[in-house]
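> what's the 3D shape of this:
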Amino acid sequence: MLTRSFLSPVLCSALLSLAACDKQESLGEVESETAAESESGSASESESDSGDTEGESDSDVNCPADAMICPDGTAVGRSGPDCEFDPCPGDSDSDSDSDSDSDSDSDSDTGDTDTGGDPPPEACPDGLNYQEPAACPSEGDGTPYIIEPGCYVDCDPGEPSCGDGEVCMTTETNPCICNEGEACCAACSAGSALCVPVLTGDACDAVAANYLSIEEYECGITPDGLEMCQWQVNLQASGEYLWMYSDVGEGGNYACKDGVITLDNDPSHSADYDPDTGVLTWDGIEYTQAD
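Below you'll find the predicted structure:
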């Protein structure tokens, strides 16, 4: 009994020692396997990281996510190896458009300025002077031809030398054309002989013609007494007129502007043309175009 009792604990201790050893060996194997797996995983991750890095170097870099607003309101982002902003829509055409605009401006600067415009004085071509209407024109009878601001050629009423479609007329101009903020002279009107358009405005398009008075008026005295006839007005497209009334005839230069006719040698004379009726009212007497 004693021997059994004594051996049993010894055996038990031996068995426990063996079990512990087996357990330690088992744990050692597990730890070895775990370490191997860990080393294998680290190697894999290292290879994966290396692969990712190589992939990134071959593709575009990650650029900032900011954007640039183009003139037309379009937003463009960054791209390319230098992360530069993409071009705005139409950038390739902007230079040519700019050149075109520049050429257009150049043409405008070197082109002729039409009479009746409103350019600055320095824009008038050689031989033309910038003129403005009088600041205080004459009122009532005797009002000369009223010009529009623009470039005009000076002329001599006695020896006119105007171009086609123009006529030499006495006008009232502003002798003090001053820039804003500059001191101006006190004068506000001066007489100037200028070449002006013969016909200005739609109402004058058909005014150049031969007219007869609607009614008959005295044409002078004959041996048989007072003779009656139609008076006559001839308006030429060149700006010359001839008026035959009674037994008298007179002529000179005229200009028609918006239906109002001005005679250079007699500004007090009133005349106007109505394009709707075709009636010319000349010194209070109505005329119609002759057949």
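> which stretches of the stretch 151-291 of the chain aren't confidently modelled?
160, 177-187 (pLDDT under 70).
> quick one: the strands in it?
166-173, 190-197, 199-200, 210-222, 225-235, 240-245, 248-257, 260-263, 271-274, 279-282, 285-289 (DSSP state E, counting those that start in this stretch).
> Now render these as TSV, adding distance to Asp86 and mean neighbour count.
C-beta coordinates here come from the backbone N, C-alpha and C atoms, glycine included. Shown next, in TSV, are the strands of the stretch 151-291 of the chain (distance: least, CB to CB, whole Å; neighbours: other CB atoms under 10 Å):
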stretch	distance to Asp86	mean neighbour count
strand 166-173	58	23
strand 190-197	56	20
strand 199-200	55	20
strand 210-222	73	14
strand 225-235	68	16
strand 240-245	69	18
strand 248-257	58	18
strand 260-263	63	21
strand 271-274	65	19
strand 279-282	70	20
strand 285-289	70	17
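> can I get these in CSV with distance to Asp82?
Output for the strands of the stretch 151-291 of the chain, formatted as CSV (distance: least, CB to CB, whole Å):
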stretch, distance to Asp82
strand 166-173, 65
strand 190-197, 63
strand 199-200, 63
strand 210-222, 82
strand 225-235, 76
strand 240-245, 77
strand 248-257, 67
strand 260-263, 71
strand 271-274, 74
strand 279-282, 79
strand 285-289, 80
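> Find me the pLDDT at Ala75, would you?
Per-residue pLDDT puts Ala75 at 78.
> now it, nearest residue through space, not along the chain?
Nearest non-adjacent residue to Ala75, counting by CB to CB, 6 or more residues apart in numbering: Ala67, 4.3 Å away.
> residues contacting that neighbour?
Residues near Ala67 by CB atoms under 8 Å, 6 or more residues apart in numbering: 75-77.
> So which of these sit within strands?
Counting by DSSP state E, the part of the contacts of Ala67 found in strands is 75-76.
> which one of the contacts of Ala67 has the most neighbours?
In terms of neighbour count, Val76 stands highest of the contacts of Ala67 at 15 neighbours, by other CB atoms under 10 Å.
> my guess is Ala209 meets Gln289, correct?
Yes: using CB atoms under 8 Å, Ala209 is in contact with Gln289, at 4.7 Å.
> what about the closest residue to Ala203 other than its chain neighbours, how many residues close to it?
Once flanking residues are discounted, Ala203 sits nearest to Gly259: 3.5 Å by CB to CB, 6+ apart. Gly259: 18 surrounding residues under other CB under 10 Å.
> what's the answer for the one 10 residues further on, then?
Around His269 there are 17 other residues, counting by other CB under 10 Å.
> Pull up the gap between the spatially closest residue to it that is not a sequence neighbour and Gly191, please.
Leaving aside its chain neighbours, His269 sits nearest to Leu263 (4.8 Å; criterion: CB to CB, 6+ apart). From Leu263 over to Gly191 the distance is 15 Å, taken as CB to CB, to the nearest Å.
> what about the residue nearest to Ala75, distance to Gly77?
From Ala67 to Gly77 the distance is 5 Å (CB to CB).
> Who does Ser79 form a beta bridge with?
Glu84 (DSSP bridges).
> wait, doesn't it sit right on Asp86?
Yes: contact between Ser79 and Asp86 holds when scored by CB under 8 Å: they sit 5.8 Å apart.
> So between these two, which is more surrounded?
Comparing Ser79 with Asp86 by neighbour count (other CB under 10 Å), the higher total belongs to Asp86, at 16 against 13.
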